[in-house]
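Undergrad: missing the sequence, but the structure's below:
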C-alpha cells in the first residue's frame, strides 16, 4: 500500500505552456535533492492538462521527463460519467484500509454504513475491514456482501466529495444495491436491509451451487451447457467475450476442466451461490417477507437496470425487484451499450478492485469511451488518485480545495535557489 501517493495536476493555455510547467517543476525538484516531495497545488487554468501520481521525488521527475517527450492534446468538453457498481469477485483481504486511514470522507461514510448494517447483523463492517486473515469472516456470503456494499457507498461518497458526480448509475448483480442508494432511490437504512437480509437468505443455499466466469460469448456458452440437463445455466452476459455460468459445484468443475483442455479461461467466483438461476427460486417467498418494509423513493439519477434493461425511476424497486435482481441473468453488456447509446462515455467502476473494466472495454470497442477504476488490490490510494488524474485530463474539474486540502506553507529548502529558480518556483507553486 502507498498512502504517501501525491496527485500533481498541471494546466496551461497552450501545449508549449504546459511543457514549460513541466520544466519549471523539474527545475524545482532538481534544485535540492534533500527536499521533500512538494505539496500539491491546484492547477492553473488552461485547455492543455496533465496530472501525475507519485510517491517520491524520483518518481515525479521520471514522469515529468517522460511527459516532455509527448504532445498534450487540447481538452474537449467533459463527457457524461456513469458509476458502475461491481458485484462479487472484487473483494480482497485488506480492502478499504488505506482509504479508511487517509480519507476522512471515506471513513465517515463507512462508519455510517457500519451503523446501518448493525441493525441487521451481528458483526461490524469496520472490524471486518480491519480484521486479520485468521479472524476475517469475509468468506461468509452474509458478511461479505454487506461489507462490499458499504465500501462501494464509501467510494461513491469520496468521488462526490471531490466533485466527481455521475450522470447515471448501473450495478452488476449485488452492485445494484449500492447503485440504488447512490441514485437516491434507497435510503441507507433500506440499502442495508436489502444487503443484509438477502445475503442472510443466500447463506441458506450455500454449498448448493456457485458461479463461474468464462471467456466465452453467450452463444458459445449456451452450446457448452446444452448437455448439462439444466444443471448449469447462463447467469449473466458481461461482454461479447465474457459469460457467467451458474450451476451445481460438480457440473461447474467439469466445465472448468473441459474449457481448460481447450485453453479457454474459466474460473469459479469465490464465496458465491448459484444466483441468477433456478437455484434461488426457493428463497422467493422468504425474501418478499424480509423486504416487505422497503420504502423506495424517486431516484435523483437514472438507474440502468442490468436485470430488466429498463431505466428505473425508483419506486419500482421494492421487494419484488430485488428477487428479480437475484433471479434474472445479469445483462451487463446490454446495459453498458444502452448507457453509451444515451451519451455516457466515461465508465467509473465502483469496487475495491476492478473486475468490470475489461468486459466494459470489450463492449465499447471501436467507440470513444473511457473506463476507470476506483480501487486496486494493494494500491487503493494510487488507484483512486490515478483515475482522478485521468478525469482531470479528460476535462473534468474536481473541487481542488477538497482533493488537496488546506494549502501547506512553502517548503524550506536546504540550499538557496538562484533568482531564476526562485521565480520559477513561485510561478509553479503559487495558488492561482
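TA: Structure's in. What do you need? All values reported here derive from a predicted model rather than from experimental measurement. Residues are numbered from 1 along each chain as shown.

Undergrad: geometric centre of this protein: which residue is closest?
TA: With distances taken as Cα atoms, centre = their mean, the residue of the chain nearest its centroid is residue 350 (2.1 Å).

Undergrad: residue 127 versus that residue, what's the distance?
TA: 23 Å (Cβ to Cβ, to the nearest Å). (Glycine included, C-beta is placed from N, CA and C.)

Undergrad: hmm, back to that, identify the residues contacting the residue nearest to the centre of the chain.
TA: Residues counted as contacts of residue 350 (Cβ atoms under 8 Å, 6 or more residues apart in numbering) are 83, 84, 85, 86, 152, 155, 156, 159, 175, 178, 374.

Undergrad: just checking, the last one touches residue 386?
TA: No - at 10.2 Å, residue 374 and residue 386 do not qualify as touching, with contact defined as Cβ atoms under 8 Å.

Undergrad: compare those two (neighbour count), which wins?
TA: A direct count of neighbours by other Cβ atoms under 10 Å for residue 374 and residue 386 places residue 374 higher, at 29 against 19.

Undergrad: identify the residue spatially nearest to the more buried one, adjacent ones excluded.
TA: In space, and not counting its chain neighbours, residue 374 is closest to residue 155: 4.7 Å by Cβ to Cβ, 6 or more residues apart in numbering.

Undergrad: pLDDT (mean, whole number) over the helix or strand containing that neighbour?
TA: Element membership of residue 155, judged by DSSP states H and E, is helix 141-161. When pLDDT is averaged along helix 141-161, the result is 98.

Undergrad: just checking, what packs against that helix?
TA: For helix 141-161, the elements it packs on are strand 80-85, helix 97-102, helix 104-117, helix 125-130, helix 175-182, helix 188-204, strand 344-350, judged by 3 or more Cβ pairs under 8 Å, 6 or more residues apart in numbering; DSSP states H and E.

Undergrad: residue 315 and residue 297 touch, don't they?
TA: Yes - counting by Cβ under 8 Å, residue 315 does reach residue 297; the two are 7.2 Å apart.

Undergrad: who's more crowded, these two?
TA: residue 297 (16 against 13).

Undergrad: and the more buried one, what does it touch?
TA: Residue 297 neighbours (Cβ under 8 Å, 6+ apart): 184, 185, 186, 187, 314, 315.

Undergrad: and the residues you listed, which are buried?
TA: Among the contacts of residue 297, the ones that count as buried by 16 or more other Cβ atoms under 10 Å are 184, 185, 186, 187, 314.

Undergrad: show me the two of these that sit farthest apart.
TA: Of all pairs drawn from those, the greatest distance, 11.2 Å, lies between 187 and 314 (Cβ to Cβ).

Undergrad: ok, residues contacting stretch 100-115?
TA: Outside stretch 100-115, the residues that reach it (Cβ under 8 Å, 6+ apart) are 3, 96, 99, 124-126, 129-130, 149-151, 153-155, 157-158, 161, 188, 192, 381.

Undergrad: what about residue 13, how many residues close to it?
TA: Residue 13 has 13 nearby residues by other Cβ under 10 Å.

Undergrad: which residues touch it?
TA: 45, 46, 47, 48.

Undergrad: the third one: neighbour count?
TA: Applying other Cβ under 10 Å, we find 16 residues neighbouring residue 47.

Undergrad: do the same with the first one
TA: Using other Cβ under 10 Å as the criterion, residue 45 is surrounded by 9 other residues.

Undergrad: for it, give its distance to residue 127.
TA: Taken as Cβ to Cβ, the span from residue 45 to residue 127 is 46 Å.

Undergrad: residue ranges with poor pLDDT in the stretch 1-150 of the chain?
TA: 1-3, 32-39 (pLDDT under 70).

Undergrad: 50 instead, please
TA: The stretch 1-150 of the chain contains residues with pLDDT under 50 at 1.

Undergrad: does residue 144 touch residue 88 like I think?
TA: Yes - in this structure, residue 144 is within contact of residue 88 by Cβ under 8 Å, at 7.1 Å.

Undergrad: so what sits against both of the two?
TA: residue 271.

Undergrad: which stretch of helix or strand covers residue 53?
TA: Assigned by DSSP H and E, residue 53 falls in strand 48-54.

Undergrad: all strands for the protein, in order.
TA: Assigned by DSSP state E, the chain shows strands spanning 6-12, 48-54, 80-85, 168-171, 210-214, 232-239, 242-247, 266-268, 303-304, 311-312, 344-350, 370-372.

Undergrad: no further questions, thank you.
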